[in-house]
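[1] no sequence for this one, just the structure:
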């Protein structure tokens, strides 16, 4: 160890959220500037001494060395796999390449896979960890707002097929989620805002008080002010953790997390996933679903506009793009969550309270 | 329903073994001539109304129609996917074709995948069920001795990579295992004998009394005499079910099921999986492991020869083929169960009692 390294101050996480899943329980640690402390924390939750960091080109360039040094210091033999950035290679061909690399590294059942990046990296590395030798330990180090509050909790991992997104995958819980908000500095503001859409969702479906807190502080969270951002992220993680803990396999309660997503998916598909971020589509979808909730006389008037105003404050779009009704209906028909002809559509009863309704595509998107 | 069908007598299973895995618990139903009763039993354990039968060419030709008719009668919309027989296409390319077909059938999360065939079909269909839409219900209808007592219990599913067997996969428990021993009539005697090697293993590692029962009846089991065969299969399933129930994810106890397998894998690899059946390699491996147990002064003298004599009665090979020692050591070095340099080698303390020892390849295969 060099003298510089000895002097280097390690920053420990300031908040911890526990995801209670019996023997698959794990912790989410949140802090700012904590990346170089990750190694020791990871060593505490896994038995093996070999780690494979999966990252993409952009994130890897900035943060992989710090993480690998931390793992090395904690006694791991560390390898790195860099995949192309973007969703285009989140597929089975890429998986084949990842399996090959794991074997070349001499990975065995005790080798830990560490995802360093956004949701795409987490999904890909997570499915690698879920399926290689029928499952190896998995760690998430998310570097986007969206993956911090959403993708890194709940164990959903997988890849796309040419026919659609995330059609192949698994539920594979991480052993640990390590959130360092300092990694958000390099994230464009537009992506930060899109990630906050899922934070708004957490408040809208589950926690009216948290929603009010967002109404006070969301602008400052967007600017990454730590005293505001860390509590928001932690609370959002805690809500998702609570929902997932009660319904790990998405049979019921967990469907509430799809609030805004039933219409977001068609929007993304019809845009061919270009020019629109997932959180932006979710923002539109949430306002749409809240309006439908009002029209169906399930939610009080004004519910949708409160969500709309909050989202607009961080410049998120709130109106569905103008595609023909038939295009929306067709896109809804291939929703992978459909059970026979009906879709479990998430409606609001009020801010902070959601439920599902089995609706046909025609009921979700009626003639205006 | 035609008059013939109304008259057709349905045969119900005569034995049931429960696999206790909490919310993933399921039953194994054993009987003779029960295939046409499978549909109603399957309908009872799944919610959906769409079933995809995955089978291979040989098995499908003989039994798929009976099974599909049974499913249709029970109210399912039924599809069939026929894959080539043999292990050569148990790979990711085949998985891609299976995903495509599932989507073309309009399969959703409630669609049940039914594996009709031997271990290869079960592994492939099981990984399809584990990974399609992150998991759909799965049923096993095994048609070989080996898959009845081994592959269909425990939830291990997966595919091969060019670098080795079963390197990619999952643990995905079936909702039901339906064993009709009438399907064994079309199985060559050599394959039946090889399957019985795993039955012998169950006795050797777990149940001395059962081992004695085998010493009395194994010849008649090979000839498929139902009064002998059904109790043997049921007891063998029950032993594996008990081991799996205590250790679903193969962290410890479940390793005992690898008895005979540590040397069987190198034998299969060195033979390039040609000219030798899995059960035959296991037979050799068990006698080898029992001899090593005696040499290490863990098991009393005569343990190995008792196993050897039993296996020889059904014409199973008991001597390892003559490959150079270095070839065996190299093959052991890529054993996917290795934890760092050591392999968890299963030894016997006596007939009916096994344990694991962490040994190096050199200790497993010492200079003679």
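    Thanks, I have it. All values derive from a computational prediction rather than experimental measurement.
[2] and stretch A:116-124 with chain B, contact?
    No: for stretch A:116-124, no contact with chain B is found by CB under 8 Å from any CB of the partner chain; the gap never falls below 10.9 Å. The C-beta positions use only the backbone N, C-alpha and C, and glycine is treated the same way.
[3] tell me the mean pLDDT for that stretch?
    Stretch A:116-124 carries an average pLDDT of 97.
[4] and for stretch A:223-232?
    94.
[5] and it, how far out from the chain's middle?
    18 Å (CA atoms, centre = their mean, to the nearest Å).
[6] what's in contact with it?
    Contacts to stretch A:223-232, defined as CB atoms under 8 Å, 6 or more residues apart in numbering or on different chains, come from residues A:14-15, A:30-32, A:181, A:184-185, A:192, A:199, A:213-214, A:217-218, A:220-221.
[7] and which of those is nearest chain B?
    Of all these, chain B sits closest to residue A:199, with 24.1 Å by CB to the nearest CB.
[8] per-residue pLDDT of residue A:8, please?
    59.
[9] please indicate which of the contacts of stretch A:223-232 are buried?
    A:15, A:30-32, A:181, A:184, A:192, A:199, A:213-214, A:217-218, A:221 (16 or more other CB atoms under 10 Å in any protein chain shown).
[10] filter these down to the ones in strands?
    Judged by DSSP state E, strands contain the following of the buried ones among the contacts of stretch A:223-232: A:15, A:30-31.
[11] how far off centre is stretch A:111-122?
    Counting by CA atoms, centre = their mean, stretch A:111-122 comes out at 12 Å from the chain centroid.
[12] I'd like the buried ones among the contacts of stretch A:223-232 as TSV, with distance to residue B:76 appended.
    Listed next are the buried ones among the contacts of stretch A:223-232 as TSV, based on distance: CB to CB, whole Å:
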residue	distance to residue B:76
A:15	50
A:30	48
A:31	52
A:32	55
A:181	51
A:184	50
A:192	48
A:199	43
A:213	50
A:214	47
A:217	53
A:218	50
A:221	50
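[13] give me the average confidence score over stretch A:240-254.
    84.
[14] skipping its backbone neighbours, what lies nearest residue A:307 in space?
    residue A:290 (5.2 Å; CB to CB, 6 or more residues apart in numbering or on different chains).
[15] tell me the spacing between the one you found and residue A:348.
    5 Å (CB to CB, to the nearest Å).
[16] shared neighbours of those two, anything?
    A:204, A:299, A:303.
[17] mind giving me the PyMOL command for buried ones among these?
    In PyMOL syntax, the buried subset of the shared contacts of residue A:290 and residue A:348 is picked out as below (16+ other CB under 10 Å):
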select buried, chain A and resi 204+299+303
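[18] isn't residue A:94 right up against residue A:124?
    Yes: look at residue A:94 against residue A:124 with CB atoms under 8 Å: they come within range, at 6.4 Å.
[19] ok, the two, which is more surrounded?
    residue A:124 (28 against 18; other CB atoms under 10 Å in any protein chain shown).
[20] what residues are up against the more buried one?
    With contact taken as CB under 8 Å, 6+ apart, residue A:124 is in contact with A:54, A:83, A:90, A:94-95, A:98, A:115, A:157, A:159.
[21] so which of these are also by chain B?
    Among the contacts of residue A:124, proximity to chain B is found for residue A:95 (CB under 8 Å from any CB).
[22] please narrow the contacts of residue A:124 to those residing in strands.
    Checked against DSSP E, the contacts of residue A:124 include these in strands: A:54, A:83, A:115, A:157, A:159.
[23] return the member of the residues you listed nearest to residue A:144.
    Closest to residue A:144 out of the ones in strands among the contacts of residue A:124 is residue A:115 (11.7 Å), distances taken as CB to CB.
[24] and the closest one, how far from residue A:177?
    10 Å.
[25] what sits in contact with each of these two?
    A:139-142.
[26] now which of the residues you listed would you call buried?
    So, by 16+ other CB under 10 Å, the buried ones in the shared contacts of residue A:115 and residue A:177 are A:139-142.
[27] can you give me the helices in the stretch 251-368 of chain A?
    Assigned by DSSP state H, counting those that start in this stretch, the stretch 251-368 of chain A shows helices spanning A:261-270, A:278-295, A:303-313, A:325-333, A:361-364.
[28] hey, which of those helices is tucked in deepest?
    helix A:278-295 (a mean of 24; mean count of other CB atoms under 10 Å in any protein chain shown).
[29] find out how far that helix is from the centre of the chain, if you would.
    For helix A:278-295, the distance to the chain centre is 18 Å (CA atoms, centre = their mean).
[30] by contact count, what packs against that helix?
    helix A:189-206, helix A:261-270, helix A:303-313, strand A:343-350 (3 or more CB pairs under 8 Å, 6 or more residues apart in numbering or on different chains; DSSP states H and E).
[31] enumerate the beta-bridge partners assigned to the closest residue to residue A:259 other than its chain neighbours.
    Once flanking residues are discounted, residue A:259 sits nearest to residue A:346: 4.1 Å by CB to CB, 6+ apart. Following DSSP bridges, residue A:346 is listed with bridge partners residue A:356.
[32] okay, the helices and strands packed on helix A:278-295 in JSON lines with distance to residue B:129 and mean pLDDT next?
    Below are the helices and strands packed on helix A:278-295 laid out as JSON lines (distance: least, CB to CB, whole Å; pLDDT from 0 to 100):
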{"stretch": "helix A:189-206", "distance to residue B:129": "30", "mean pLDDT": "97"}
{"stretch": "helix A:261-270", "distance to residue B:129": "24", "mean pLDDT": "93"}
{"stretch": "helix A:303-313", "distance to residue B:129": "38", "mean pLDDT": "98"}
{"stretch": "strand A:343-350", "distance to residue B:129": "21", "mean pLDDT": "95"}
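[33] surely residue A:139 and residue A:43 touch.
    No: applying CB under 8 Å as the test, residue A:139 and residue A:43 come out as separate, 10.6 Å apart.
[34] let me see the contact set for the spatially most central residue of chain A.
    Nearest residue to the geometric centre of chain A (CA atoms, centre = their mean): residue A:151, 2.1 Å. Going by CB under 8 Å, 6+ apart, residue A:151 touches A:118-119, A:122-123, A:142.
[35] for residue A:114, same thing?
    Residue A:114 touches A:42, A:51-54, A:67, A:71, A:125, A:138-141, counting by CB under 8 Å, 6+ apart.
[36] TSV please, covering those residues and showing secondary structure.
    Shown next, in TSV, are the contacts of residue A:114 (DSSP: H, G, I helix; E, B strand; the rest coil):
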residue	secondary structure
A:42	helix
A:51	strand
A:52	strand
A:53	strand
A:54	strand
A:67	helix
A:71	helix
A:125	helix
A:138	strand
A:139	strand
A:140	strand
A:141	strand
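[37] check what pLDDT the nearest residue to residue A:119 once chain neighbours are set aside gets.
    Excluding its sequence neighbours, the residue lying closest to residue A:119 (CB to CB, 6+ apart) is residue A:151, at 3.7 Å. Note for residue A:151: predicted pLDDT of 84.
[38] from residue A:186, how far off is residue A:151?
    18 Å.
[39] and what of residue A:117?
    12 Å.
[40] contact residues of the stretch 101-250 of chain A facing chain B?
    Where proximity means CB under 8 Å from any CB, the interface of the stretch 101-250 of chain A facing chain B comprises A:103, A:108-110, A:130-135, A:156, A:158, A:161, A:163-164, A:166-171, A:249.
[41] go again using 10 Å as the cut-off
    A:102-104, A:106-110, A:127-128, A:130-135, A:155-159, A:161-164, A:166-172, A:248-250 (CB under 10 Å from any CB of the partner chain).
[42] now, of these, which are buried?
    A:102-103, A:107-110, A:127-128, A:130-135, A:155-159, A:161, A:166-172, A:248, A:250.
[43] the residues you listed in helices, which ones?
    A:102-103, A:127-128, A:130-131 (DSSP state H).
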